[in-house]
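J.: The sequence isn't on hand, but the structure is:
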């Protein structure tokens, strides 16, 4: 895992704790992108994604329908779970995101996080995270399945043989566990959780102006030539 909060002269770091089955993480990522589109120093921003598990009790790679999972974990009826998801989907549509909770299959996210860490080594982490979100929320794919992850990696320009080997050996599992531990040490209890310039924290899928303000403030106060 890359050392956290170590400034690079002339560049702004954005560290993001996220889970690929978290709908608000998908929104938060989109809102950050929108803020960056109008940020004059966007080409000098380095985004690093860190692992978080929204539902750590899910340890199997065998998926379950999201309504069933929410019903059990939150102690609500399947109908209530569907209604809650529809509210989220409505908000997502406002950002141009297509949430298909009727297709969503939920399992452990540790394999997906391992793919994200591998992708970071070749500068493809953002592309992979976007594909993971899309695969889970829109395409109804099981992002704990090795073949699904291989497809996502290959689509993002990663070497399939290297990806298969890394996943089979769980080479990045220690990095995932380190992220989870660091999140607990920081007191992160919900995601998405953003840290700008190693100094300013922003929690949740807040309005785009909140992200824009965080970028401006962090740049002014933490970036050195």
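T.: On my side now, so go ahead. Everything quoted here is computed from the prediction, not taken from an experiment. Numbers count the residues shown, from 1 in each chain.

J.: Next, count neighbours for the residue nearest to residue 42 when sequence neighbours are not counted.
T.: Using CB to CB, 6 or more residues apart in numbering and skipping residues adjacent in sequence, the residue nearest residue 42 is residue 36, 4.5 Å away. In this view, the C-beta of every residue, glycine as well, is placed from N, C-alpha and C. Neighbours of residue 36 under the rule other CB atoms under 10 Å: 18.

J.: host element of residue 36?
T.: helix 23-37 (DSSP states H and E).

J.: Just confirm the residue nearest to residue 42 contacts residue 216, I think it does.
T.: No - applying CB atoms under 8 Å, one finds residue 36 not in contact with residue 216, separated by 11.6 Å.

J.: any common contacting residues for these two?
T.: Any residue near both residue 36 and residue 216 by CB atoms under 8 Å, 6 or more residues apart in numbering counts here, and not one turns up.

J.: how much space between residue 199 and residue 14?
T.: 11 Å (CB to CB, to the nearest Å).

J.: now residue 220
T.: 15 Å.

J.: Counting neighbours, go ahead and name the busier of those two.
T.: Taking other CB under 10 Å, residue 220 and residue 14 do not tie; residue 14 has more neighbours (22 against 10).

J.: Next, the more buried one: phi, psi?
T.: Phi and psi for residue 14, reported as degrees, to the nearest 10, are phi -130, psi 110.

J.: show me the contacts for it.
T.: 32, 45-48, 194-197, 215.

J.: Tell me the one of the residues you listed nearest residue 126?
T.: residue 47 (6.1 Å; CB to CB).

J.: Surely the closest one touches residue 127?
T.: No - Residue 47 is beyond contact range of residue 127, at 11.4 Å (criterion: CB under 8 Å).

J.: ranges for the strands of this protein?
T.: 12-18, 45-51, 64-65, 105-106, 193-196, 200-203 (DSSP state E).

J.: Determine the set of other helices and strands touching the fourth one.
T.: When you say that, I think you mean strand 105-106. Judged by 3 or more CB pairs under 8 Å, 6 or more residues apart in numbering; DSSP states H and E, strand 105-106 is in contact with strand 64-65, helix 66-74.

J.: Packing partners of the shortest one?
T.: Put plainly, it is strand 64-65. Using 3+ CB pairs under 8 Å, 6+ apart, strand 64-65 sits against strand 105-106.

J.: Partner strands of the strand it packs on, with direction?
T.: strand 64-65 (antiparallel) (DSSP bridges).

J.: Tally up the residues packed near the nearest residue to residue 9 once chain neighbours are set aside, please.
T.: Spatial nearest neighbour of residue 9, excluding adjacent residues (CB to CB, 6+ apart): residue 224 at 5.6 Å. Residue 224 has 8 neighbours, counted by other CB under 10 Å.

J.: so how far is residue 8 from residue 224?
T.: On the measure of CB to CB, residue 224 and residue 8 end up 10 Å apart.

J.: What angle do helix 23-37 and the helix or strand bottoming out on mean pLDDT in the chain make with each other?
T.: Ranked by mean pLDDT, DSSP states H and E, the weakest helix or strand in the chain is helix 66-74, scoring a mean of 93. Relative orientation of helix 66-74 versus helix 23-37 (axes from the mean of the first three to the mean of the last three CA atoms, to 10 degrees): 110 degrees.

J.: Which positions in helix 66-74 come out as buried?
T.: 66-67, 69-71 (16 or more other CB atoms under 10 Å).
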